[in-house]
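Participant: Dropping a prediction and its sequence here:
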Amino acid sequence: MSADAQTPAEPRPQAEAVVLVGGQGVRLRPLTLSAPKPMLPTAGVPFLAHLLSRIRAIGIEHVVLGTSYKAEVFEQHFGDGSDLGLHIEYVVESEPLDTAGAIRNVSDKLSAEDVLVFNGDILSGVNLTDLLDTHRSTAADVTLHLVKVDDPRRFGCVPTDAEGRVTDFLEKTDTPPVDQINAGCYVFRRAVIEDIPAGRPVSVERETFPGLLAAGARVQGHVDSSYWLDMGTPAAFVRGSADLVLGNAPSDALPGSTGRALVLTGARVAEDAVVDSGSTVGARCQVGSGAQVSGSVLFDGAVVEDGAVVERSVVGTGARVGAGAVLRDAVVGDGATVGAGCELLEGLRVWPGVELPPGGVRFTAD
């Protein structure tokens, strides 16, 4: 090779993905005392596995996880990502940096021009290919997935003009001017990420996006009415898991077929028990004679004894629900026991290891 010959540069990937999974999941306690929110068993696998399957399905192979709380759990489970056909890297936040700060914190791992960024607790049916196409066809600096919701009063809203350009970021109000909200999924030009201040907390909605608008950058909205759910509360977690099992929400990671229920290997369900409405019965679980499990999630090793009723609830790893007990909209932590005949209603949460005695006592969150 002559002295002036040059080795061809490696082609840059067309797009990469960043998933922000650093939150503590306070609203989901006690479930998140033992695992980060994106690692909770959801329709048979960690919730994050569903998102990673959708990222891989559109041809993206490089994913960076921005971690913090129980950061080691992610790498212990997913490793380098090769089992999923991915190359996964991990960046740990030493202190909370907010959304934009967390994105900036992983920038050294990125090389593609376009970077898909996901909040790691959102279950969404948005077509990711269409989202990327919107970003590229409009030559946007940042593109936001905006979803239409029935009640935008619970969220800040994001108005757009006739060309789909974002015009403002509005706080929660009783009279929102539009029904579209920030859905927690973005496409950034990598240069925009590199311009985010490093080493301090930065909010995308209060600082980064308004700053881009003020500077005349193109902030594009990709608006749709696809399935969308913030999985941040126990009720939403149960609903999202059920929707994955029922096939209402998309995933390539479901460990079985969609249908009325998902019963994992090693679980034992009595012939006369009823398990339906998208319930998941984890490995080594036991569901007794005459029991009813509806729209619920039983983590591995949970036991539901004869005649018990579990509706829209979560029963943690190794927890036990006694004979004839009733759970409706409840959470039972890992290793806890609900005594025979007890009733847990209206969002009650039982902490790990707690034993509620039998005897027909009614418990409510109030």
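Facilitator: Everything's here; your move. Numbering: from 1, shown residues only.

Participant: which residues touch the nearest residue to Asn182 once chain neighbours are set aside?
Facilitator: Distances taken as Cβ to Cβ, 6 or more residues apart in numbering put Val158 closest to Asn182, at 5.5 Å, once the chain neighbours are dropped. (C-beta placed from N, C-alpha, C; glycine too.) Taking Cβ atoms under 8 Å, 6 or more residues apart in numbering as the contact definition, Val158 lies against Leu144, Leu146, Val166, Asp168, Phe169, Leu170, Val178, Gln180, Ile181, Asn182, Gly221.

Participant: Show me which of those are buried.
Facilitator: Buried members of the contacts of Val158, counted by 16 or more other Cβ atoms under 10 Å: Leu144, Leu146, Val166, Phe169, Leu170, Val178, Gln180, Ile181, Asn182, Gly221.

Participant: Which parts of the chain are helices?
Facilitator: Secondary structure of the chain, counting by DSSP state H: helices at 47-57, 72-78, 98-105, 128-137, 190-194, 209-214, 234-246.

Participant: and of the buried ones among the contacts of Val158, the nearest to Val315?
Facilitator: Among the buried ones among the contacts of Val158, Ile181 lies closest to Val315 (Cβ to Cβ), at 32.1 Å.

Participant: need the contact list for the closest one.
Facilitator: Counting by Cβ under 8 Å, 6+ apart, Ile181 makes contact with Leu146, Val147, Val149, Pro152, Phe155, Gly156, Cys157, Val158.

Participant: ok, which pair from these is furthest apart?
Facilitator: Across the contacts of Ile181 (Cβ to Cβ), the longest gap, 12.8 Å, separates Val147 and Gly156.

Participant: In terms of packing, which of the two has more residues around it?
Facilitator: Legend: neighbour count by other Cβ atoms under 10 Å for Val147 and Gly156, higher for Val147 (27 against 16).

Participant: Report the beta-bridge partners for that one.
Facilitator: Val147 has the following beta-bridge partners by DSSP bridges: Ile181, Asp224.

Participant: Serialize the helices of the chain to CSV and add fields for mean pLDDT.
Facilitator: Formatted as CSV, the helices of the chain follow (pLDDT from 0 to 100):
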stretch, mean pLDDT
helix 47-57, 95
helix 72-78, 92
helix 98-105, 93
helix 128-137, 95
helix 190-194, 95
helix 209-214, 93
helix 234-246, 96
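
Participant: could you redo the ones you listed as a markdown table and give each row distance to Val269?
Facilitator: Compiled in a markdown table, those are given as follows (distance: least, Cβ to Cβ, whole Å):
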| stretch | distance to Val269 |
| --- | --- |
| helix 47-57 | 24 |
| helix 72-78 | 26 |
| helix 98-105 | 41 |
| helix 128-137 | 36 |
| helix 190-194 | 48 |
| helix 209-214 | 49 |
| helix 234-246 | 15 |
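
Participant: Any idea which of these gets closest to Asp252?
Facilitator: helix 47-57 (3.8 Å).

Participant: if we can go back for a sec, hmm, which of the buried ones among the contacts of Val158 is lowest in pLDDT?
Facilitator: Among the buried ones among the contacts of Val158, Leu170 carries the lowest pLDDT, at 83.

Participant: so it makes contact with Pro176?
Facilitator: Yes. Counting by Cβ atoms under 8 Å, Leu170 touches Pro176, with 7.1 Å between them.

Participant: and for the two, which residues touch both?
Facilitator: Cys157.

Participant: Bridged to Val142, which residues?
Facilitator: Phe188, Val219.

Participant: residue contacts, it?
Facilitator: Val142 neighbours (Cβ under 8 Å, 6+ apart): Tyr186, Val187, Phe188, Arg189, Val192, Phe209, Leu212, Ala217, Arg218, Val219, Gln220.

Participant: quick one: it from Glu205, how far?
Facilitator: 12 Å (Cβ to Cβ, to the nearest Å).

Participant: one step back: output the contacts of Val158 as TSV; include the columns distance to Pro36.
Facilitator: Output for the contacts of Val158, formatted as TSV (distance: Cβ to Cβ, whole Å):
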residue	distance to Pro36
Leu144	25
Leu146	27
Val166	31
Asp168	33
Phe169	28
Leu170	31
Val178	33
Gln180	29
Ile181	24
Asn182	22
Gly221	30
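
Participant: what number of residues lie near Ile58?
Facilitator: Neighbours of Ile58 (other Cβ under 10 Å): 15.

Participant: can you check Val350 too?
Facilitator: Counted by other Cβ under 10 Å, the residues lying close to Val350 total 23.

Participant: So it sits against Gly335, correct?
Facilitator: No. Between Val350 and Gly335 there is no contact under Cβ under 8 Å: 10.2 Å.

Participant: which one of the helices of the chain lies closest to Glu271?
Facilitator: Taking the helices of the chain one by one with Cβ to Cβ, helix 234-246 is closest: 20.8 Å.

Participant: Any stretches of the chain with poor pLDDT?
Facilitator: Within the chain, the set of residues satisfying pLDDT under 70 comprises 1-13, 364-366.

Participant: Domains in it, by residue range?
Facilitator: 15-234, 260-364 (automatic domain parsing).

Participant: Rebuild those as CSV, extending it with distance to Val245.
Facilitator: Shown next, in CSV, are the domains of the chain (distance: least, Cβ to Cβ, whole Å):
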stretch, distance to Val245
domain 15-234, 5
domain 260-364, 4
